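what would the 3D arrangement of this be:
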Amino acid sequence: MDRRVTVSAALATTLLCGACGGGADTDEPAFRAALLTSGPVSDAGWYAGAYEGLLMMRDSLGAGVSHQQTRTPAEFDEAFLAYAADGYDLVFAHGFEYQDAALRAGRQFPEMTIVVSGGGRVTENVVPLVFTLEEGSYLAGMMAGGMTVSGTVGMVGGVAIPPVQGTFRAFEAGVFAVNPDARVLEAYIGNWDDVSAAKEAASAQLRQGADVLIHNTDAASFGVFQAVRERVAEGEVAWAIGMNRDQNGIAPEVTLGSAVIDIPRAFLATARSWQAGELGGVPIYVGSSRSVIDFVPNPAVLDAIPAGLLEEVDSARVRIRRGELEVPRVHFVEGETEEG
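Predicted coordinates:
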């Protein structure tokens, strides 16, 4: 049987009201929460959203907070140990790569709860927080399929982990839903923050005829936007699509929109759920039904997007939120089934 929590009643309330409510005005924090990221929080994407969520826990819930950037498995273990020794209650390990270290730490420190963003394994105190970003990337694919002139679009990823692959499979499906004859290119750079490598991968796809590119990287995403900008400066038609956060402002003149996760809202909701004693033993899934996941068209280029395409994307969004349109997923959570 598929063991999952979609959203509990308390969690749903928080997701709908955003950052409403506040913590007590005392010198002693209500609880202590930490964030681990394997890349910089200046990435304007995945890590930046997590850091904003940490600050929301501080400001709205009165939490004492800390952040560490950790790059290697040894550093993951050291950080968990340090936070447990310092009495931290709740640690957000922001990435699939943390799950093995989180399991080790969870066994060693049963009083500390660890939330692994995009994790796939579950214990009583290690909880996957699964963002169904494929719901947003499917809509992004529809936009790409409707906007491509060449009939070729591209995807540039960081590391080929299941959550990233899932967003790309959904993006492909969205492309083919409006453009069945399109060609989709896929490349991975092997890390999350190498801007030069991402730019080269994007440039290679542009040379192969792609005229719409989406990424699923972190700080490396700046390289994808730059490659598209340079292509347009050469007089060619090319568009970029952002991922993980609203990135429409990075290169607004060449960006069609962004597949967005409202990570801060999801983090705040998860912390409230932990405070209510509701976390443990099952994963948390958050998606478009609670407005955590969406595709946000770039208002700066709306005049370049056919009204019919925008209407088609809007219609698909409604159907996804109603459960009438199921987008492809890569199932990677322990105990999850293709039907679940």
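
need the helices for the stretch 1-150 of the chain, in chain order.
Remark: helices assigned in the stretch 1-150 of the chain by DSSP state H, counting those that start in this stretch are 9-17, 46-61, 73-85, 99-108, 134-147.

which ones are touching the residue nearest the centre of the chain?
Nearest to the geometric centre of the chain sits Asn244, at 4.1 Å (C-alpha atoms, centre = their mean). Applying C-beta atoms under 8 Å, 6 or more residues apart in numbering to Asn244 gives the contacts 45-46, 49, 133, 216, 218, 259-261, 263. Placement of C-beta: from N, CA and C, glycine included.

dump the helices of the stretch 1-150 of the chain to CSV, plus mean pLDDT.
Compiled in CSV, those are given as follows (pLDDT from 0 to 100):
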stretch, mean pLDDT
helix 9-17, 37
helix 46-61, 97
helix 73-85, 97
helix 99-108, 97
helix 134-147, 98
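
now tabulate these in TSV and tack on distance to Pro299.
Shown next, in TSV, are the helices of the stretch 1-150 of the chain (distance: least, C-beta to C-beta, whole Å):
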stretch	distance to Pro299
helix 9-17	24
helix 46-61	20
helix 73-85	39
helix 99-108	37
helix 134-147	14
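
Phe176: which of the ones you listed is closest?
Comparison of the helices of the stretch 1-150 of the chain against Phe176 by C-beta to C-beta identifies helix 134-147 as nearest, at 6.8 Å.

looking at the helices of the stretch 1-150 of the chain, which is buried most?
Highest mean neighbour count of those: helix 134-147, a mean of 28 (counted as mean count of other C-beta atoms under 10 Å).

counting contacts, what elements does it pack onto?
strand 152-157, helix 162-178, strand 212-216, strand 239-244, strand 255-261, strand 293-297, helix 307-322 (3 or more C-beta pairs under 8 Å, 6 or more residues apart in numbering; DSSP states H and E).

the ones you listed: which one's closest to Gly106?
helix 162-178 (20.0 Å).

okay, the angle between the helix or strand following that closest one and helix 134-147?
Remark: after helix 162-178, the chain's next helix or strand is strand 183-188, criterion DSSP states H and E. Using axes from the mean of the first three to the mean of the last three C-alpha atoms, to 10 degrees, the inter-axis angle of strand 183-188 relative to helix 134-147 is 130 degrees.

and the residue nearest to Leu185 when sequence neighbours are not counted, how many neighbours does it have?
Leaving aside its chain neighbours, Leu185 sits nearest to Gly154 (4.2 Å; criterion: C-beta to C-beta, 6 or more residues apart in numbering). Other residues within reach of Gly154, judged by other C-beta atoms under 10 Å, total 29.

for Gly154, give me its contacts.
Residues near Gly154 by C-beta under 8 Å, 6+ apart: 184-187, 202, 205-206, 208, 210, 212-214.

which among the residues you listed count as buried?
184-187, 202, 205-206, 210, 212-214 (16 or more other C-beta atoms under 10 Å).

out of these, which is nearest to Ala316?
Ile214 (16.4 Å).

right, and Ala316 touches Gly141 too?
No - counting by C-beta atoms under 8 Å, Ala316 stays clear of Gly141, with 10.0 Å between them.

any shared contact partners between these two?
Each of 174, 177 lies in contact with both Ala316 and Gly141 under the rule C-beta under 8 Å, 6+ apart.

can you pick the most crowded of the contacts of Asn244?
Top of the contacts of Asn244 by neighbour count (other C-beta under 10 Å): Ala259, with 32 neighbours.

so in terms of bridging, what pairs with that one?
For Ala259, the beta-bridge partners are Met243, Phe295 (DSSP bridges).

for Gly174, which non-adjacent residue is spatially closest?
Excluding the flanking residues, the one nearest Gly174 by C-beta to C-beta, 6+ apart is Gly141, at 2.4 Å.

ah, wrong one, I meant Ala198
In space, and not counting its chain neighbours, Ala198 is closest to Gly223: 3.4 Å by C-beta to C-beta, 6+ apart.

again, but for Phe96
If the residues on either side of it in the chain are set aside, Phe96 comes closest to Gly118, at 4.4 Å by C-beta to C-beta, 6+ apart.

then Gly87?
Arg32 (6.3 Å).
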